[in-house]
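[1] let's see this in three dimensions:
(2 chains)
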Amino acid sequence: NAGVTQTPKFQVLKTGQSMTLQCAQDMNHNSMYWYRQDPGMGLRLIYYSASEGTTDKGEVPNGYNVSRLNKREFSLRLESAAPSQTSVYFCASRRDGNSGNTIYFGEGSWLTVV
Amino acid sequence: AQSVTQLDSQVPVFEEAPVELRCNYSSSVSVYLFWYVQYPNQGLQLLLKYLSGSTLVKGINGFEAEFNKSQTSFHLRKPSVHISDTAEYFCAVSDVFGNEKLTFGTGTRLTIIP
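    As a prediction, this is how the structure comes out:
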């Protein structure tokens, strides 16, 4: 019963370093998402992928890139990390783009940029 | 575009007392409504959702919510809370017309006082 798995769980980066957050889901879902969670701001959508081979910007895409490697995997890359990117990142998936379907979340990745 | 307002950022409640967490939304089109719960250091999981039909929706762990279209509200209630209900609760809204985006409120932290 893995669901949505994301790695790493914790990471400390120096300003300017790059890193990739990995995400995989085993529910055969078509849609996948990356959110960031900041205190007092709820969750904000960074990027999403409606299907394998497609990606689209969400509410806060600046400073990030994504890759939908296959149906299972959706990675988030920070090319040059900034302190403003200190946050908790959640990967999520949904069966398809039908907005009534439930979105399932991973357990989060805590990223600190110093 | 949709928006969600959770007016209470923190709600302290004595154990076994009732609780209501407030959620109001704004949208120019019909919406689906969701409540998610986030336990400490975990991802979000679905508590309940309103898609159509009965305006009173029952979810997991004894929670329920009522959709009120005239007041554009979707308040979450539980008649008797337990220590294990300590968590952050997020209200969310999505467009019924297949939009991939799920808009979250800023969250309400529920603290149960023994």
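
[2] can you pull the residues of chain B lying near chain A?
    B:4, B:9, B:32, B:34, B:36, B:41-46, B:49, B:51, B:90, B:94-102, B:104-107 (CB under 8 Å from any CB of the partner chain). The way it works is simple: take the backbone N, C-alpha and C, and place the C-beta from them, glycine included.

[3] okay, now residue 2: neighbour count?
    Since you didn't name a chain, this refers to chain A. 9 (other CB atoms under 10 Å in any protein chain shown).

[4] the chain in question should be chain B.
    Residue B:2 has 18 nearby residues by other CB under 10 Å.

[5] drop anything exposed from the residues of chain B next to chain A.
    By neighbour count, with 16 or more other CB atoms under 10 Å in any protein chain shown, the residues of chain B next to chain A hold B:4, B:32, B:34, B:36, B:43-44, B:46, B:49, B:90, B:94-95, B:100-102, B:104-107 as buried.

[6] what is the burial count for the nearest residue to residue A:66 once chain neighbours are set aside?
    Excluding the flanking residues, the one nearest residue A:66 by CB to CB, 6 or more residues apart in numbering or on different chains is residue A:47, at 4.3 Å. As a burial measure, residue A:47 scores 22 neighbours (other CB under 10 Å).

[7] tell me which element residue A:47 falls in.
    For residue A:47, the element it lies in under DSSP states H and E is strand A:42-49.

[8] helix/strand/coil for the residue nearest the centre of chain A?
    Nearest to the geometric centre of chain A sits residue A:34, at 2.6 Å (CA atoms, centre = their mean). In the three-state summary, residue A:34 is assigned as strand, counting by DSSP: H, G, I helix; E, B strand; the rest coil.

[9] who does it bridge with?
    For residue A:34, the beta-bridge partners under DSSP bridges are residue A:47, residue A:91.

[10] show me what the helix or strand hosting residue B:57 is packed up against.
    Taking DSSP H and E as the definition, residue B:57 sits inside strand B:56-58. The helices and strands touching strand B:56-58, judged by 3 or more CB pairs under 8 Å, 6 or more residues apart in numbering or on different chains; DSSP states H and E, are strand B:44-50, strand B:64-68.

[11] in the chain, where is pLDDT below threshold?
    Just so you know, I chose chain A. Low-confidence segments of chain A, defined by pLDDT under 70: A:1.

[12] look at chain B instead
    B:98-99.

[13] middle-most residue in it, spatially?
    Centre-most residue of chain B, counting by CA atoms, centre = their mean: residue B:35, 3.4 Å.

[14] next up, the contacts around that one.
    Listed by CB atoms under 8 Å, 6 or more residues apart in numbering or on different chains, the contact partners of residue B:35 are B:23, B:46-49, B:59, B:63, B:65, B:74, B:76, B:89-92.

[15] likewise residue B:75?
    With CB under 8 Å, 6+ apart, residue B:75 has these contacts: B:20-23, B:65-66, B:68.

[16] the residue lying closest to residue A:71 once chain neighbours are set aside and residue B:46, how far apart?
    The shortest distance from residue A:71 to any non-neighbouring residue, by CB to CB, 6+ apart, is to residue A:52 (4.8 Å). In this view, residue A:52 and residue B:46 are 25 Å apart by CB to CB, to the nearest Å.
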